[in-house]
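Undergrad: generate a structure from the sequence data that follows.
(one chain, ligands or ions: 1)
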Amino acid sequence: MNSGITGVFVSGRDFSPPADTCIDVLNIGGIEPESIVDGPGFRYTVFVQGCHFRCPGCHNPQLQNFSGGREMAIGELLCAIKANPLLDGLTLSGGDPFTQAAACAVLAEKVRALGLSVITFTGCLWEDLLDAGREDWLRLIEASDIIVDGPFIMALRDIDLHFRGSANQRLIDVRRSLAAGRAVILPLP
Ligand code: SF4
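TA: Predicted coordinates for the structure are as follows:
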């Protein structure tokens, strides 16, 4: 039976991809070229613009709005990453990178091809990302080494956690999780 519902809904939010998805350009809200707080080592962090979650206490509320930000070519970001031999990897944060999954996946694949790691943050749950059956989401999942999932929940805030703000958020080992068919959590406090 056709329910009349179209699109991809996660936690009641419509994550349907835009009709004109561009894979050459990211709409970003900011960059941290040498972050030491968004994952292990020195990381080039890209904060994508736009997030469907409106978590109370969000660290980057200015990145929630989809109409803000500025466009940057994937090639330009890649050049900046290649130019810094100190980097250990790329972190895709935001905002929610899965709202621009196709372009994020292209950048992540190119960064992994350089031998660097990729960490991707999202307000979605790992299980919802896989259940959605979206090709662009699966491509970004496969281009990531670690996914940090789940919204920020103020009641579970813990400043002693590594690389995340609240205790519900999981550091998911992507390769082992895909092989196991379930979320495999990295044993970091
Ligand atoms: S998912 Fe992250 S970026 Fe989005 S509102 Fe929540 S804390 Fe902010």
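
Undergrad: which bits of this protein sit near the ligand?
TA: 51, 53-55, 58, 60, 63-64, 94-96, 123, 151-152 (C-beta under 6 Å from any ligand atom). Backbone N, C-alpha and C define where each C-beta goes, glycine included.

Undergrad: out of the residues you listed, which are buried?
TA: The neighbour count (16 or more other C-beta atoms under 10 Å) marks 51, 53, 55, 58, 60, 63-64, 94-96, 123, 151-152 as buried among the residues of the chain next to the ligand.

Undergrad: now the element after the longest helix seen in the chain, going C-ward?
TA: The longest helix of the chain (DSSP state H) is helix 101-113. Later in the chain than helix 101-113, the nearest helix or strand by DSSP states H and E is strand 117-121.

Undergrad: as TSV, the residues of the chain next to the ligand with pLDDT and secondary structure would be great.
TA: TSV is the format used below for these (pLDDT from 0 to 100; DSSP: H, G, I helix; E, B strand; the rest coil):
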residue	pLDDT	secondary structure
Cys51	96	coil
Phe53	94	coil
Arg54	92	coil
Cys55	95	coil
Cys58	96	coil
Asn60	94	coil
Leu63	97	helix
Gln64	96	coil
Gly94	91	coil
Gly95	94	coil
Asp96	97	coil
Gly123	97	coil
Pro151	96	coil
Phe152	97	coil
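
Undergrad: which of these lies closest to Ile172?
TA: Checking the residues of the chain next to the ligand against Ile172 by C-beta to C-beta gives Gly123 as the nearest, at 13.8 Å.

Undergrad: relative to Phe15, how far out is that closest one?
TA: Using C-beta to C-beta, to the nearest Å, Gly123 is found at 10 Å from Phe15.

Undergrad: check the contact lists of those two and give me the overlap.
TA: Residues touching both Gly123 and Phe15 by C-beta atoms under 8 Å, 6 or more residues apart in numbering: His52.

Undergrad: how about the strands in the protein?
TA: Assigned by DSSP state E, the strands in the chain fall at 9-10, 13-14, 25-35, 43-48, 70-73, 89-93, 117-121, 146-149, 170-173.

Undergrad: TSV please, covering those strands and showing mean neighbour count and mean pLDDT.
TA: What follows is those, written out as TSV (neighbours: other C-beta atoms under 10 Å; pLDDT from 0 to 100):
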stretch	mean neighbour count	mean pLDDT
strand 9-10	16	74
strand 13-14	14	76
strand 25-35	17	97
strand 43-48	25	98
strand 70-73	13	96
strand 89-93	27	98
strand 117-121	25	98
strand 146-149	24	98
strand 170-173	20	98
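
Undergrad: dump those into CSV; add distance to Leu161 as well.
TA: Rendered in CSV, the data for the strands of the chain read as follows (distance: least, C-beta to C-beta, whole Å):
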stretch, distance to Leu161
strand 9-10, 23
strand 13-14, 25
strand 25-35, 16
strand 43-48, 17
strand 70-73, 30
strand 89-93, 15
strand 117-121, 13
strand 146-149, 10
strand 170-173, 9
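
Undergrad: alright, I will stop here.
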